[in-house]
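Colleague: Mind looking at a prediction? Sequence and model below.
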Amino acid sequence: MAVEPVIGIDLGTSYSSVAVVQEGEVMVIPNEWGETVHASVVSFLEDGRIQVGNDAKRRLLTHPRHTIYSAKRLIGRFFFSPEVKKARAVCPYEIVEGPNHSVRIQVMGEQLSLPQVSALVLKEMKEIAENHLGCEIKKAVVTVPAFFNDNQRQATNDAGRIAGLEVLRIINEPTAAALAYGFGKNVNERVVVYDLGGGTFDVSILEIGDNNTFEVLATAGDTYLGGDDMDMRLMDFFADQFMQETGINLRNDVQALQKLRDVAEETKKAFSTKKKVKVHIPEVFTDSDGKVYEFNSIIDNDTFTKLIMDLIQRTFKVCDEAFQSAGFTVNDVDGVILVGGPTRLPLVRDSVRHYFSKEPQAGVNPDHVVAMGAAIQGAALTDAAAQTFLLDVTPLTLRLATVGGFTEAIIDKNTPVPIDRTRTFVTSRDNQDKVRIRILQGESNRVEENELLGEFEFSGFRIAGRGEVKIEVTFEIDSNGIVNVSARDPESGQSASTRVSLSSGLTEQEIQQSTQRVQSAELA
Amino acid sequence: MDPKFATEVETLSRLIDELDYYQILRVPKNASLGQVRKAYHEQSLKFHPDRFFGLPEGALKSGIKKIAKRVAEAYVTLRDASKRRAYDLQLQRLQSPSPAAPESAPGAPAPAAAPPATALRFTEQTEKAFKQEKQQQFGKTEKGRKLYQQGMREFQAKNFVAAERTFKMALAYEPDNELFAKLRDEAGRNIKTDYTIK
């Protein structure tokens, strides 16, 4: 029997793609129109059908309240997080609070969880692959930004399950890009992946060594920095200009704002090849008297540079951090790989060239590498004859809440997985009969500045004065990146353990219900 | 699965607590960072669970996981210069159990009495012992450390009288610091030399 194909999915903030490895060759799978890059947009039609992809993106203009984009910015986040607040201010669709501070999207009287929305995109990718390959696809490797925390990864994993896919592994986007770059090359190189996507920026440093072993040395990132932020700057620029010319604030008009967003994205893309961009929107606004306004603007490269330069500079701060973590400098790098649409901008390329004193790798399609890498990892896990072997690290520090709102680092970020580490703690109160073990992820020593992954209670140890009872807590991160925590009383040998699970996520029942809903959804 | 490999996994996972990190990675004690990294790649290729993704859960798989985690732990310790120094110190102590270190607090267990299961691993005790060692050398009180640095500067400037006085003051804060005492005596000897020349 032939090896069952495992697809690789790049589930992007703005665009997604799907790839597969067949007979030792990796290919990006096109849809029936020949498109290989599909908008991560889901639109709900009046007749109950759901549209996904580039067609759905076109409906952003006509049906902004029924069309969901950039869901990835919200997945696995709490309703009260600053990112969600930010999104609520700019998104025309309705973002509401669900149970346990989760985020829900209200569309046509229905409340959808974020994994459910992403599942619709994943299902579309699955169907594109099935149509092209002519067989059922059950397994996938899905990519996420390197700096996604465990909650966001679990939510992405749930999205896969809801879409009817067994997610064999969640891998980091820059890692996937490096796999695609080094696949079948037999090189001995140290490479940097500079991944500026629609919503996130990641950088990873990898060593490609003997036997095609890919070792991730360090990863750093910013989960709220990307091409969308450039679009936002352009939108603001246009809105300000219109305000000056007419005194009308387009920011209060959902339709006009969507038109500006579209034009902003087109303008940004145009700067990949042009030095000056002319903008024209024939009907940007209609006032209460029925007067129709048009919008005209000319923006040159210098103005555009001024608008977005600080965003690009922020990416290099993240690069500095990655180098520090890996323990070497820009000079030790053999190659630079660019990933993501915004890296097409000459401004970004020039800045990268300047920072690394190196020409970025040509011949790597920044839109395709991530999905290709995911497919390569899918093959590596399931095919005995696989050509690559990935040694990954944990992207964020795993912590334990101690007393007074402080945390203690247990497993540092950029530690290779699988790994475990045991720490001994003592009771903090007299006659304490149970301890609450709270597990966090992040880089701050304060509880509230980290992401809470989960908590459990451990009891049944000897009752005594404070500091007299020892408890051993073992943290384990397995090769799937899943965190397991167990506590043990060394005196009695009694132990308790938990698989750290998402505190704001979906229950098993919710996943089952969502799966049915998504499976039965009719894709237009 | 190759029965020879299964036996190897069974034996190695059973005996892993008796091996130090160098033995786990199969590198000499003076291995360079490059050798350590290469060894990590080799051992991972052999024992990383991703190489056995389809293998059902069971004794063999848990054995593989146990080895893989220890291989990563060995790598994390030996690739970091300061962690490696701390670990080497622990190994040295284990081999030549010197009379309990004088700096240990009364009642604290001597390092040699550490539980054997973790004796060869980098634990929080390894870190603690290393910090203590450093503090013992350069001073465990803030005043002590400051005076130590001042004394060293005076020593280097060949200002031996001042150096001896400073190390004496440092000893007032940390009477049992052997390094401070040694430096005081050394400075004192140098002062005498000055006199004879005169």
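Modeller: Ah, there it is. Residues are numbered from 1 along each chain as shown, chains lettered A, B, ... in the order given.
Colleague: Quick one: low-confidence residue ranges for chain A.
Modeller: Where chain A drops to pLDDT under 70, the residues are A:1-3, A:498-505.
Colleague: try chain B
Modeller: B:97-117, B:135-137, B:192-198.
Colleague: For it, which residues are neighbours of chain A?
Modeller: Applying Cβ under 8 Å from any Cβ of the partner chain, one finds that chain B approaches chain A through B:37-38, B:40-41, B:44-45, B:48-51, B:53-54, B:65, B:68-69, B:72-73, B:75-76, B:118, B:123-124. From N, CA and C alone the C-beta is placed, and that goes for glycine too.
Colleague: redo that, cut-off 10 Å
Modeller: Applying Cβ under 10 Å from any Cβ of the partner chain, we find that chain B lies next to chain A at B:33, B:37-38, B:40-42, B:44-45, B:48-54, B:64-66, B:68-73, B:75-76, B:79-81, B:115, B:118, B:121-125.
Colleague: Need the buried ones from the residues you listed selected in PyMOL.
Modeller: Command for PyMOL, covering only those of the residues of chain B next to chain A found buried under the criterion 16 or more other Cβ atoms under 10 Å in any protein chain shown:
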select buried, chain B and resi 37+38+40+41+42+44+48+49+50+51+52+53+64+65+66+68+69+70+71+72+73+75+76+79+80+121+122+123+125
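Colleague: Okay, and which of the residues of chain B next to chain A map to helices?
Modeller: Within the residues of chain B next to chain A, residues falling in helices by DSSP state H are B:33, B:37-38, B:40-42, B:44-45, B:64-66, B:68-73, B:75-76, B:81, B:124-125.
Colleague: any idea how far residue A:420 lies from residue A:493?
Modeller: Computed as Cβ to Cβ, to the nearest Å, the residue A:420 to residue A:493 distance reads 18 Å.
Colleague: in the stretch 101-250 of chain A, what residue is nearest chain B?
Modeller: Distance from chain B to each residue of the stretch 101-250 of chain A (Cβ to the nearest Cβ) is smallest for residue A:213, at 4.7 Å.
Colleague: List the residues that contact that residue.
Modeller: Applying Cβ atoms under 10 Å, 6 or more residues apart in numbering or on different chains, one finds that residue A:213 lies in contact with A:182, A:207, A:388-391, B:37-38, B:40-42, B:44-45, B:48.
Colleague: Swap in 7 Å and give it another go.
Modeller: A:389, A:391, B:41, B:45 (Cβ atoms under 7 Å, 6 or more residues apart in numbering or on different chains).
Colleague: swap in residue B:165?
Modeller: Listed by Cβ under 7 Å, 6+ apart, residue B:165 has no contact partners.
Colleague: same deal with the one 4 residues further on?
Modeller: Shown in contact with residue B:169 (Cβ under 7 Å, 6+ apart): residue B:147.
Colleague: next one: residue A:479
Modeller: A:417-418, B:48-50.
Colleague: Which single one of these is nearest to residue B:170?
Modeller: residue A:417 (45.4 Å; Cβ to Cβ).
Colleague: The residue lying closest to the closest one once chain neighbours are set aside and residue A:419, how far apart?
Modeller: In space, not counting the residues next to it along the chain, residue A:417 is nearest to residue A:477; the distance is 4.8 Å by Cβ to Cβ, 6 or more residues apart in numbering or on different chains. Residue A:477 sits 6 Å away from residue A:419, taking Cβ to Cβ as the criterion.
Colleague: which neighbours do these two share?
Modeller: Common neighbours of residue A:477 and residue A:419 (Cβ under 7 Å, 6+ apart) are residue A:411.
Colleague: Can you list phi and psi of the closest residue to residue B:18 other than its chain neighbours for me?
Modeller: Counting by Cβ to Cβ, 6+ apart, the nearest residue to residue B:18 once its immediate chain neighbours are dropped is residue B:120, at 7.2 Å. With angles defined as degrees, to the nearest 10, residue B:120 shows backbone torsions of phi -100, psi 10.
Colleague: go on, residue A:277?
Modeller: phi -120, psi 130.
Colleague: One more: the one 10 residues further on?
Modeller: The phi/psi pair for residue A:287 (degrees, to the nearest 10) reads phi -80, psi 180.
Colleague: Would you mind measuring from it to chain B?
Modeller: Between residue A:287 and chain B the distance, using Cβ to the nearest Cβ, to the nearest Å, works out to 62 Å.
Colleague: For residue A:296, see how far away that residue is.
Modeller: To residue A:296, residue A:287 is 18 Å away according to Cβ to Cβ.
Colleague: So if I had to pick from the two, which one is more boxed in?
Modeller: The neighbour count for residue A:287 versus residue A:296, taken as other Cβ atoms under 10 Å in any protein chain shown, is higher for residue A:296 (13 against 10).
Colleague: so where does the residue nearest in space to the middle of chain B fall, helix or strand?
Modeller: Geometric centre of chain B, nearest residue: residue B:86, 1.5 Å, by Cα atoms, centre = their mean. Secondary structure assigned from DSSP states H and E places residue B:86 in helix B:81-95.
Colleague: Point out the other elements, helices or strands, that that helix touches.
Modeller: Judged by 3 or more Cβ pairs under 7 Å, 6 or more residues apart in numbering or on different chains; DSSP states H and E, helix B:81-95 is in contact with helix B:59-78, helix B:124-138.
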